[in-house]
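Visitor: mind folding the following:
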Amino acid sequence: MLKRTPLYDFHKNAGAKFVDFAGWEMPLLYKSIVEEHEQTRHSGGLFDVSHMGRLSFKGSDADAFLNYVVTRNLADQAIGQSRYSLVCNEDGGVLDDVIVSRDAKNWILVCNASNREKLVRYFHEVRQAKGFDFDMADNTEATAMLALQGPKVLDRIASIIDARNIRRYHFEHRTIMGFFTVTVFRSGYTGEDGVELIISSKLAGMATKAVGAGWEKHEATVKPVGLGARDTLRMEAAMPLYGHELTETGDPLSAGLAWAVSLDKDFVGATALRKIHDAGLKRKLVGLELEGKRIARQHTPVMLGGRPIGEVTSGTFSPTLQKSIAMAYVEVEHAGEGTKLEVDLKGTMNSAVIVKMPFYKRPK
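Guide: Reported below is the predicted structural model:
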């Protein structure tokens, strides 16, 4: 049986079309993926991301443990700060990409829904093998997580939660309606400004009504958005998706995430990643702009001179740019911006060119 988030009734009343996503019954869309995409780009979208894993760590070795299992150096991370990082295996393959946040008394790690149980098992194994002393709690089903994204969001919710003074990739604890606490993160997965909120599952419905009040009105600043638009939004922003750009057989350096890998510290996979770095990359993640409107799906071959030199990891038709775009791994010697390639769309060769990522940047 599929799990349901605390906002299931909200989605149902809003007319959501549900899909199975990593064992959760989640809204794919409410009316239209394109409408919801444009709503987020131009005004504001409300996303239920409660299916994502939320783990907390505390104890004498919590700091050392997390610094050992993630690629980013957390030693100088300040209280109230979040950092994007990766969890790798010994071969340097990616087990998951995560957001690690340092609170006053504990750490918070947000991971992908599809990898939560795998990571919990893995963390237990590492703790036992290395003798780390810490407590880990899985708070996923005891809490809810909402994302409010878009250029008008922060002003819209300012009377309820004023997050305008929270710096990007920082967080604070705030009180809503005078009696319940919410953790407010200045982060997101859409390429827009906004916040992500963690709150008790019992209070999630009230919090949603507060920050999303009036969503059903035509002119509403914030409206609910499903997983369909979440994917097109993150594609335009060239944000990697686990199972597509990131896998257990692919390394973060080839994915363009060297900035999130601290090779000068010891962590699981560091030796393998140093070897990859020193030997030089064999493939590289690039952005493609396709001719025409056809979409290159995952595993579509990328061709040069009649031979395959890589494959697509994600593709979509960009509602904002009105172009077919894709991300793909290609041989590093052919990964330069402006390189003309082809993608094999079920036997039809479609012209493509390597372009700079992200495909879209929000106006400043």
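Visitor: run through the bridge partners of Leu290.
Guide: Beta-bridge pairing for Leu290 (DSSP bridges): Ser324, Ala352.
Visitor: that one reaches Leu321, doesn't it?
Guide: No: judged on C-beta atoms under 8 Å, Leu290 makes no contact with Leu321 at a distance of 11.4 Å. For every residue, glycine as well, the C-beta is placed using N, CA and C.
Visitor: higher neighbour count, the two?
Guide: Legend: neighbour count by other C-beta atoms under 10 Å for Leu290 and Leu321, higher for Leu290 (24 against 12).
Visitor: check contacts around the more buried one.
Guide: Shown in contact with Leu290 (C-beta atoms under 8 Å, 6 or more residues apart in numbering): Ala296, Gly315, Lys323, Ser324, Ile325, Ala326, Val343, Asn350, Ser351, Ala352.
Visitor: how much space between the fifth one and Val94?
Guide: Same thing as Ile325. 23 Å (C-beta to C-beta, to the nearest Å).
Visitor: these two: who's more crowded?
Guide: With neighbours defined as other C-beta under 10 Å, Ile325 and Val94 compare such that Ile325 has more, 27 against 24.
Visitor: in the stretch 101-250 of the chain, which spans are strands?
Guide: Applying DSSP state E, counting those that start in this stretch to the stretch 101-250 of the chain gives strands spanning 107-111, 135-138, 143-149, 171-176, 180-185, 194-200, 223-224.
Visitor: other residues contacting the last one?
Guide: Counting by C-beta under 8 Å, 6+ apart, the neighbours of strand 223-224 from elsewhere in the structure are 10-11, 14, 16, 27, 30, 36, 39, 43-48, 212, 215.
Visitor: which member of the residues you listed is positioned nearest Gly150?
Guide: Gly44 (3.4 Å; C-beta to C-beta).
Visitor: how about the helices in the stretch 1-150 of the chain?
Guide: Per DSSP state H, counting those that start in this stretch, the stretch 1-150 of the chain carries helices over the ranges 8-13, 33-42, 62-69, 116-130.
Visitor: which stretch among these comes nearest Gly280?
Guide: Proximity to Gly280, assessed across the helices of the stretch 1-150 of the chain by C-beta to C-beta, is greatest for helix 62-69 (26.7 Å).
Visitor: tell me the buried residues in that closest one?
Guide: Ala62, Asp63, Phe65, Leu66, Asn67, Tyr68, Val69 (16 or more other C-beta atoms under 10 Å).
Visitor: the fourth one and Ile198, how far apart?
Guide: Leu66 is 18 Å from Ile198, where distance means C-beta to C-beta.
Visitor: burial count for Lys223?
Guide: Applying other C-beta under 10 Å, we find 23 residues neighbouring Lys223.
Visitor: so how far is Val184 from it?
Guide: 20 Å.
Visitor: from what I can see Gly188 touches Gly194, true?
Guide: Yes: assessed by C-beta under 8 Å, Gly188 is found in contact with Gly194 at 4.6 Å.
Visitor: overlap in contacts, these two.
Guide: Common neighbours of Gly188 and Gly194 (C-beta under 8 Å, 6+ apart) are Ala147, Gln149.
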